[in-house]
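Enquirer: give me the fold of what follows.
(chains A and B)
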Amino acid sequence: DTEVTQTPKHLVMGMTNKKSLKCEQHMGHRAMYWYKQKAKKPPELMFVYSYEKLSINESVPSRFSPECPNSSLLNLHLHALQPEDSALYLCASSQDTRDSYNEQFFGPGTRLTVL
Amino acid sequence: AQSVTQPDIHITVSEGASLELRCNYSYGATPYLFWYVQSPGQGLQLLLKYFSGDTLVQGIKGFEAEFKRSQSSFNLRKPSVHWSDAAEYFCAVGGGDYKLSFGAGTTVTVRA
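Expert: Next up, the predicted model:
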């Protein structure tokens, strides 16, 4: 299985809501990533988990809260978001952050709209 | 610091014609280079990658890319495009750690 899955596909939320994005992989990868992508732009790295520990936070606002319950799952908890947070949120995984090849496999993304 | 430049923001090509997308990278050591494709509203799919060895790399969907160290380039080519090749294409460079630096992307439009 060489697939990264993400749920939900689409999410619409108000600025006072709390919601979560989910990501799952069964490739035995030990590194998982969250990216944010605006239309017609490249993905921007948000967080990196390595061996279920948060290793990189690219100065992301605290209204985004990542969680890695186990080596296959990655969540992104959302609270008090702003309209400018509307974007495609991509999850990715790779063998290891220390792997010289660091080939990242991407999920299909969650399209988030904040009203 | 590593970086990628994709000089062409948008390319329009006729179905059946050849396609070449340009990518220039900046990296101090041996780069790990990738081309990803993204269809509208979808995630990124890896087309091909270069780590070492043969500088002409074959990928999926009939794509190939050539690594030229002297020109710091990793251009993507396809001899004959299909309407389904219309998408956004991203070149990326990795340096052996977690960080993947993407170019700004090139939008490919295929006309009938």
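
Enquirer: so what touches the helix or strand of chain B with the lowest mean pLDDT?
Expert: Least confident helix or strand, chain B: strand B:100-102 with a mean of 90, by mean pLDDT, DSSP states H and E. Residues outside strand B:100-102 that contact it (Cβ atoms under 8 Å, 6 or more residues apart in numbering or on different chains) are A:42-43, A:45, A:102, A:104, B:2-4, B:34, B:36, B:90-94. C-beta here means a position set from N, CA and C on the backbone, and glycine is covered the same way.

Enquirer: and whichever residue of chain A sits closest to chain B, how many neighbours?
Expert: Scanning chain A for proximity to chain B using Cβ to the nearest Cβ identifies A:Pro42 as nearest, at 3.6 Å. With neighbours defined by other Cβ atoms under 10 Å in any protein chain shown, the count for A:Pro42 comes to 22.

Enquirer: element containing it, please.
Expert: Following DSSP states H and E, one finds A:Pro42 outside all helices and strands.

Enquirer: enumerate the residues of chain B near chain A.
Expert: Neighbours of chain A within chain B, by Cβ under 8 Å from any Cβ of the partner chain: B:32, B:34, B:36, B:41-46, B:49, B:51, B:88, B:90, B:94, B:96-100, B:102-105, B:107.

Enquirer: pull out the buried residues from the least confident helix or strand of chain B.
Expert: For strand B:100-102, the neighbour count (16 or more other Cβ atoms under 10 Å in any protein chain shown) marks B:Leu100, B:Ser101, B:Phe102 as buried.

Enquirer: and those residues as JSON lines, adding distance to A:Glu67?
Expert: Listed next are the buried residues of strand B:100-102 as JSON lines, based on distance: Cβ to Cβ, whole Å:
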{"residue": "B:Leu100", "distance to A:Glu67": "22"}
{"residue": "B:Ser101", "distance to A:Glu67": "26"}
{"residue": "B:Phe102", "distance to A:Glu67": "25"}
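
Enquirer: follow-up on the earlier one: partners of the closest residue to the residue of chain A closest to chain B other than its chain neighbours in the sheet?
Expert: Spatial nearest neighbour of A:Pro42, excluding adjacent residues (Cβ to Cβ, 6 or more residues apart in numbering or on different chains): B:Phe102 at 3.6 Å. Beta-bridge partners recorded for B:Phe102 (DSSP bridges): B:Ala92.

Enquirer: which of the residues of chain B next to chain A are buried?
Expert: Buried members of the residues of chain B next to chain A, scored by 16+ other Cβ under 10 Å, are B:32, B:34, B:36, B:42-46, B:49, B:51, B:88, B:90, B:94, B:96, B:98-100, B:102-103, B:105.

Enquirer: burial check on B:Gly62, number of neighbours?
Expert: Neighbours of B:Gly62 under the rule other Cβ under 10 Å: 14.

Enquirer: what do you get for A:Glu24?
Expert: A:Glu24 has 18 nearby residues by other Cβ under 10 Å.

Enquirer: cool, the one 5 residues further on as well?
Expert: Neighbour count of A:His29, defined by other Cβ under 10 Å: 19.

Enquirer: run the chain-centre distance for the host helix or strand of A:Leu21.
Expert: Applying DSSP H and E as the criterion places A:Leu21 in strand A:18-25. Its chain's C-alpha centre and that of strand A:18-25 lie 8 Å apart, by Cα atoms, centre = their mean, to the nearest Å.
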